[in-house]
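# sequence unknown, structure follows:
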Ligand SMILES: CC/C=C\CC/C=C/CC(=O)SCCNC(=O)CCNC(=O)[C@H](O)C(C)(C)COP(=O)(O)OP(=O)(O)OC[C@H]1O[C@@H](n2cnc3c(N)ncnc32)[C@H](O)[C@@H]1OP(=O)(O)O
């Protein structure tokens, strides 16, 4: 099933390639913009072949089902485009994402909640398991799910005075396995356990110290430039063998989740619907 995700034939890719090829033939540099209901924007820089995937759900990029689906489609797009690299970022000044939309979790319809988690799992397989190089340009606060997606990337630059972490413990949510595996792939098991059981939101300095981010940036354009510089490191590395190695490093985590998708979904639904979590959501929403 995973393999099919990565090799499915693109429909609108031919159009994108045609635009890019025509531009190259005409010796122009163009940026191709593909719009998925405006919730996630995909821009391809035809000069360096890097795709920028931009979360665009003001005011705080909270993840509801629709944003999750748009991200999933955007990641398909990047894969089909054979991008040389991808930068994940946000359009909102000072906020990367607030995490899950609490309105999606509070008194949730179980069927929709299951679909929500299933799409999140899809996004995880696509991003964590991507063969192209990935970087997150974290332009502002990034608690919870946005942090999760940033951690799926190979590199993170975050602007100073932002906070990042998985704060689910504070809301009475037990942390699902994809999150645990992903954080553990970036920092040690000990630090992962500590961060997740305390729901720590790290300052940029502390995030750098513990290894959750790779660089601190002065502003969003500096963060973006640092991400591009990271992707440039693979310019002369043959992409197929690079991608294979990356996948091999991450393979075990993905196999485990693929084999236990249903259980992972059941656990998430149980965690969200538990009364402790529901009263935190109610308090957040002022109910
Ligand atoms: C994959 C990981 C799986 C599991 C991990 C654990 C599970 C986690 C579940 C979650 O993700 S729950 C969400 C956790 N997020 C937070 O607790 C962050 C809460 N928000 C903030 O700290 C701040 O909003 C901010 C720092 C992100 C931005 O601050 P600021 O610029 O001052 O904006 P406001 O706080 O005024 O927010 C504007 C507007 O947006 C509403 N809002 C904010 N966050 C959410 C949200 N998560 N869901 C729904 N709505 C949200 C906020 O209430 C404001 O609404 P108004 O109507 O008052 O304008």
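Everything's here; your move. Nothing here was measured: the structure is a model prediction, and the numbers come from that model.

# Quick one: name the residues of the chain near the ligand.
If contacts are counted using Cβ under 6 Å from any ligand atom, the residues of the chain sitting beside the ligand are 59-60, 62, 95, 98-103, 141, 143-145, 148, 166-168, 171, 173, 175-176, 179. Glycine gets a C-beta too; all of them are placed from N, C-alpha and C.

# Buried subset of those as a PyMOL selection?
The following PyMOL line selects those of the residues of the chain next to the ligand that are buried, judged by 16 or more other Cβ atoms under 10 Å:
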select buried, resi 60+62+95+98+99+100+101+102+141+143+144+145+148+166+167+168+171+173+175+176+179
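
# distance between the helix or strand hosting residue 262 and the chain's centre?
Assigned by DSSP states H and E, residue 262 belongs to helix 261-273. Averaging C-alpha positions (Cα atoms, centre = their mean, to the nearest Å) puts helix 261-273 20 Å from its chain's average.

# hmm, who's touching the helix ranked longest in the chain?
For the chain, the longest helix by residue count, based on DSSP state H, is helix 239-259. Under the contact criterion Cβ atoms under 8 Å, 6 or more residues apart in numbering, helix 239-259 has outside partners 1-2, 84, 121, 124-125, 128-133, 154, 177-178, 181-182, 185, 234, 264.

# The same query, at a cut-off of 7 Å, please.
2, 121, 125, 128-129, 131-132, 177-178, 181, 185, 234, 264 (Cβ atoms under 7 Å, 6 or more residues apart in numbering).

# just those now: which is nearest residue 212?
Relative to residue 212, the closest of the contacts of helix 239-259 is residue 185; by Cβ to Cβ it sits at 11.5 Å.

# who touches the closest one in this structure?
250, 253.

# What separation is there between it and the ligand?
In this view, residue 185 and the ligand are 14 Å apart by Cβ to the nearest ligand atom, to the nearest Å.

# I'd like the numbering to begin with 26 instead of 1 from here.
Yep, numbering from 26; the last one is residue 210 now.

# centre of the chain versus the helix or strand where residue 306 lies, how much separation?
Counting by DSSP H and E, the secondary-structure element that holds residue 306 is helix 300-309. Helix 300-309 sits 25 Å away from the centroid of its parent chain (Cα atoms, centre = their mean).

# got the angle for that helix vs helix 286-298?
50 degrees (axes from the mean of the first three to the mean of the last three Cα atoms, to 10 degrees).

# which secondary structure elements does helix 300-309 contact?
Of the remaining helices and strands, those touching helix 300-309 by 3 or more Cβ pairs under 7 Å, 6 or more residues apart in numbering; DSSP states H and E are helix 127-130.

# Which strands or helices does the helix it packs on pack on?
Contacts of helix 127-130 with other secondary structure elements, assessed using 3+ Cβ pairs under 7 Å, 6+ apart, are made with helix 300-309.

# Okay, buried residues for the helix it packs on please.
By neighbour count, and taking 16+ other Cβ under 10 Å as the criterion, the buried residues in helix 300-309 are 302, 303, 305, 306.

# And the strands in the stretch 76-225 of the chain, which stretches?
All strands of the stretch 76-225 of the chain, identified by DSSP state E, counting those that start in this stretch, fall at 87-88, 110-115, 119-120, 124-125, 159-163, 165-168, 181-184, 188-190.

# Excluding covalently adjacent residues, which one is nearest to residue 144?
Excluding its sequence neighbours, the residue lying closest to residue 144 (Cβ to Cβ, 6 or more residues apart in numbering) is residue 93, at 4.5 Å.

# who's in contact with the one you found?
For residue 93, the residues meeting the contact criterion (Cβ under 7 Å, 6+ apart) are 141, 144, 145, 148.

# For the third one, grab the count of nearby residues.
So the one you mean is residue 145. Burial of residue 145, expressed as a neighbour count using other Cβ atoms under 10 Å, amounts to 25.
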